[in-house]
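1. Only the shape, not the letters, is given here:
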């Protein structure tokens, strides 16, 4: 399974970052940084009954598709992408920082946060404490915990560490068993993500969100992830009670980012589009 390969590679990668000096440098950056922006609070404030908050993803490549746009081979401009997201109504951004499988970089996160100013999710495969310090030092306001890749003890400890660093947590689930684990072991978590992508086949099915959303208590915020391409998809999510949606691929590959966001959010086209 691709997730297993990524996690094993991530653990090996992090062995090179285990020095005390590196952690000390990160802690210095954190001390010098300003307070985090409220990721969950912002999503809650920006959503409406028929319009989930949009977390727009800055994403260069994926393991299944490679580069998402051919021109990324020569030039990838994460800040320009994120600025377009902000201009057209995104509530927050997600920035992929995994290098080997997604061609991301922590520098992308830092540049986007410094320039764009929206609340930022560090989209990374978290397997060690050092990554939470990295996330905070490079400007993240929230981090992702993937239930499929973590033990229960790790979920509890990582969630506590994130809170200590003033980072919100988006806990990602794929099926009922993982959701039950979150509700039992992380009762205080605010953001529950439902990933519609099958980690074995990489196919997507919005039915995963429609099924799991029914089991999530009313005091939680539901974030649907992956496989959201059209306004009809968004309307299905609205009917299921989804509060926010994380979208990357369909935005990155769209010829007109603004038009695609307006379509997804149900906004009228501009005069140029009419």
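-> Received, thanks. Remember, it's a predicted structure, so these values are computed and weren't measured experimentally.
2. following the helix or strand harbouring residue 156, which helix or strand comes up?
-> Using DSSP states H and E, residue 156 falls within helix 152-164. Downstream of helix 152-164, the first helix or strand assigned by DSSP H and E is strand 168-173.
3. And whichever helix or strand comes after that following strand, what's buried?
-> Using DSSP H and E, the next helix or strand after strand 168-173 towards the C-terminus is helix 176-185. Across helix 176-185, burial judged by 16 or more other C-beta atoms under 10 Å covers 178-179, 181-183. (C-beta placed from N, C-alpha, C; glycine too.)
4. Now render the residues you listed as JSON lines, adding pLDDT and distance to residue 105.
-> Shown next, in JSON lines, are these (pLDDT from 0 to 100; distance: C-beta to C-beta, whole Å):
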{"residue": "178", "pLDDT": "97", "distance to residue 105": "29"}
{"residue": "179", "pLDDT": "97", "distance to residue 105": "32"}
{"residue": "181", "pLDDT": "97", "distance to residue 105": "31"}
{"residue": "182", "pLDDT": "98", "distance to residue 105": "29"}
{"residue": "183", "pLDDT": "97", "distance to residue 105": "34"}
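5. now, among those, which is nearest to residue 34?
-> Within the buried residues of helix 176-185, proximity to residue 34 (C-beta to C-beta) peaks at residue 182, which comes in at 30.2 Å.
6. Next, the contact list for that closest one, please.
-> 147, 155, 171, 173, 189, 192 (C-beta atoms under 8 Å, 6 or more residues apart in numbering).
7. can you do 6 Å?
-> residue 171 (C-beta atoms under 6 Å, 6 or more residues apart in numbering).
8. what do you get for residue 89?
-> 261, 265.
9. Please apply the same query to the one 5 residues further on.
-> For residue 94, the contacting residues are 55, 57, 121, 123, 246, taking C-beta under 6 Å, 6+ apart as the criterion.
10. Now do the SS call for it.
-> Reduced to three states with DSSP: H, G, I helix; E, B strand; the rest coil, the structure at residue 94 is strand.
11. Look up which residues are beta-bridged to it.
-> Taking DSSP bridges as the rule, residue 94 bridges to residue 57, residue 121.
12. and the angle from the helix holding residue 156 to strand 168-173?
-> 160 degrees (axes from the mean of the first three to the mean of the last three C-alpha atoms, to 10 degrees).
13. Not counting its own residues, what contacts helix 152-164?
-> For helix 152-164, using C-beta under 6 Å, 6+ apart, the contacting residues are 132, 143, 145, 169, 185-186.
14. do that again at 8 Å, thanks
-> Outside helix 152-164, the residues touching it (C-beta under 8 Å, 6+ apart) are 126-127, 129, 132, 143, 145, 147, 150, 168-169, 171, 181-182, 185-186, 189.
15. Just list the residues touching the closest residue to residue 102 other than its chain neighbours, thanks.
-> Using C-beta to C-beta, 6 or more residues apart in numbering and skipping the chain neighbours, the partner closest in space to residue 102 is residue 96 (4.6 Å). Neighbouring residues of residue 96 by C-beta under 8 Å, 6+ apart: 57-60, 102, 104, 108, 123-124, 248.
16. Specify which member of those is nearest to residue 233.
-> residue 248 (13.9 Å).
17. Retrieve the pLDDT associated with the closest residue to that closest one other than its chain neighbours.
-> Leaving aside its sequence neighbours, residue 248 sits nearest to residue 57 (C-beta to C-beta, 6+ apart; 3.0 Å). Model confidence at residue 57, given as pLDDT, is 98.
18. Residue 272 too?
-> 59.
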